[in-house]
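# build the 3D model from these lines:
(one chain, ligands or ions: 1)
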Amino acid sequence: MEITDIQGCVTLHNNVEMPYFGLGVFKSHEGEEVINAVKYALEIGYRHIDTASMYNNEKGVGIAIKQSNIKREDVFITSKVWNSDQGYKNTIKAFNNSLKKLALEYLDLYLIHWPVIGLYKETWKALEYLYKKGKIKAIGVSNFLINHLEELLKTAEIVPMVNQVEFHPYLIQQNLLDFCAKNNIQFEAWAPLMRGNINKVDLINTLAKKYNKNPFQVVLRWNLQKGVVTIPKSSKPVRIHSNAQIFDFEISPEDVFKIDRLDKNERIIPYPA
Ligand code: NDP
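Just a heads-up that it's a prediction; the model follows:
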């Protein structure tokens, strides 16, 4: 990944350009809170918004996009099909609901939120159908482990373009990263800031002083230098702005390696086996 600026992109395996930096909106409340967060982010240069039907804020995200007056093709919008909506027909229905709430004609990326056992392969078929119909520019998965991806690839016509997973210095999942790289599946981080707790990690604080940045900026820059797309969430303008100030410094390879060594396979959200 060549890191240029806030609007820099990775090219997915179907040649769709995905901005490697975006705004997460999990827990941004529907209405004024999410509208203001997304509008502000777009105003200062963010071009990628990550929502999900489960977040109950797609309507607000859609209003913010419209009010921002940015051309549709210049923003990258992701949503996800929730667990209770999985299966072929339900997924198509859920997708149409999301599109309606967002008031959009198409999505840039649609993900299977979690691998619901017994259903996720049917769900994938629905995503392939919607992709072929041109309703989604790229399709992918979220929270898939290697065994889920292997199982999916047995019958999938289209290899997922993205796998969005929990990723931060305490949870790197190197085997999964390698598997995705080998199969051209772009890795994307959720909870990159360890839900706001990254400033409790000594090494990250030390590096923040060294690079004259704050701990949140250090870890987000580390995501990008590892080739991982990242979508930190904040609903506060000052933080939305500060989290994006990561394009004017570079972490040395030695320091990237030091951060990598913090990995202890520790999840914030226990994996629902
Ligand atoms: P993050 O690691 O992005 O942390 C978000 C928390 O950090 C919020 O409480 C926020 O508070 C706080 N925060 C943000 N910036 C700063 C800052 N500069 N200084 C101090 N605190 C800060 O966690 P998320 O779980 O939200 O993950 C990011 C996104 O990933 C989500 O919003 C969602 O879009 C996606 N996601 C996907 C999942 C999946 O299963 N596919 C699961 C979970 C998340 P405040 O808002 O008050 O600033």
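
# end-to-end on stretch 102-114?
21 Å (CA to CA, to the nearest Å).

# buried stuff in that stretch?
102, 104, 106-114 (16 or more other CB atoms under 10 Å). C-beta here means a position set from N, CA and C on the backbone, and glycine is covered the same way.

# please list which of these also come close to the ligand.
Applying CB under 6 Å from any ligand atom, the subset of the buried residues of stretch 102-114 adjacent to the ligand comprises H113.

# mind listing what P215 touches?
198-199, 201, 204-205, 207-208 (CB atoms under 8 Å, 6 or more residues apart in numbering).

# need the longest helix for the protein.
Looking across the chain with DSSP state H, the single longest helix is helix 88-102.

# contact partners of that one?
By CB under 8 Å, 6+ apart, helix 88-102 touches 51, 53, 58-59, 61-62, 65, 77, 79, 81-82, 85, 105-107, 110, 122-123, 125-127, 129-130, 135-136.

# tell me the first helix or strand C-terminal of it.
strand 107-112 (DSSP states H and E).

# what's the mean pLDDT across whatever helix or strand comes next after that following strand?
Per DSSP H and E, strand 107-112 leads on to helix 120-132 as the next helix or strand towards the C-terminus. Helix 120-132 shows a mean pLDDT of 98.

# on that earlier part again, ok, of the contacts of helix 88-102, which come out buried?
The neighbour-count test (16+ other CB under 10 Å) marks 51, 53, 58-59, 61-62, 65, 77, 79, 81-82, 85, 106-107, 110, 123, 125-127, 129-130, 135-136 as buried among those.

# just the buried positions in the longest helix of the chain, please.
88, 90-92, 94-95, 98-99, 101-102.

# can you check stretch 20-30 too?
So stretch 20-30, judged by 16+ other CB under 10 Å, has buried residues 20-25, 28, 30.

# near the ligand, from those residues?
24-25.

# show me the buried residues of stretch 20-30 that map onto strands.
23-24 (DSSP state E).

# which among the buried residues of stretch 20-30 gets closest to I172?
Of all these, I172 sits closest to Y20, with 17.5 Å by CB to CB.

# now the closest one: how far from Y46?
12 Å (CB to CB, to the nearest Å).

# which parts of this structure are helices?
With DSSP H as the criterion, the chain has helices spanning 32-43, 58-68, 88-102, 120-132, 146-155, 174-182, 202-211, 215-225, 237-243, 253-260.

# mean confidence for the longest one?
Confidence over helix 88-102 (mean pLDDT, whole number) is 98.

# and it with helix 120-132, angle?
50 degrees (axes from the mean of the first three to the mean of the last three CA atoms, to 10 degrees).

# quickly list what the residue in the chain positioned nearest to the ligand is bridged to.
Here the residue of the chain nearest the ligand is G24; by CB to the nearest ligand atom that distance is 2.4 Å. Under DSSP bridges, the beta-bridge partners of G24 are D50, K233.

# so who does it touch?
By CB under 8 Å, 6+ apart, G24 lies in contact with 50, 190, 231-233.

# how close does it get to E2?
In terms of CB to CB, G24 sits 23 Å off from E2.

# now do the same end-to-end measure for stretch 160-180.
10 Å.

# in that stretch, which residues are buried?
For stretch 160-180, a neighbour-count test (16+ other CB under 10 Å) marks 160-173, 176-177, 179-180 as buried.

# just to revisit the earlier point, reformat the helices of the chain as CSV; add distance to C9.
Formatted as CSV, those follow (distance: least, CB to CB, whole Å):
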stretch, distance to C9
helix 32-43, 16
helix 58-68, 18
helix 88-102, 21
helix 120-132, 19
helix 146-155, 23
helix 174-182, 18
helix 202-211, 24
helix 215-225, 12
helix 237-243, 18
helix 253-260, 21
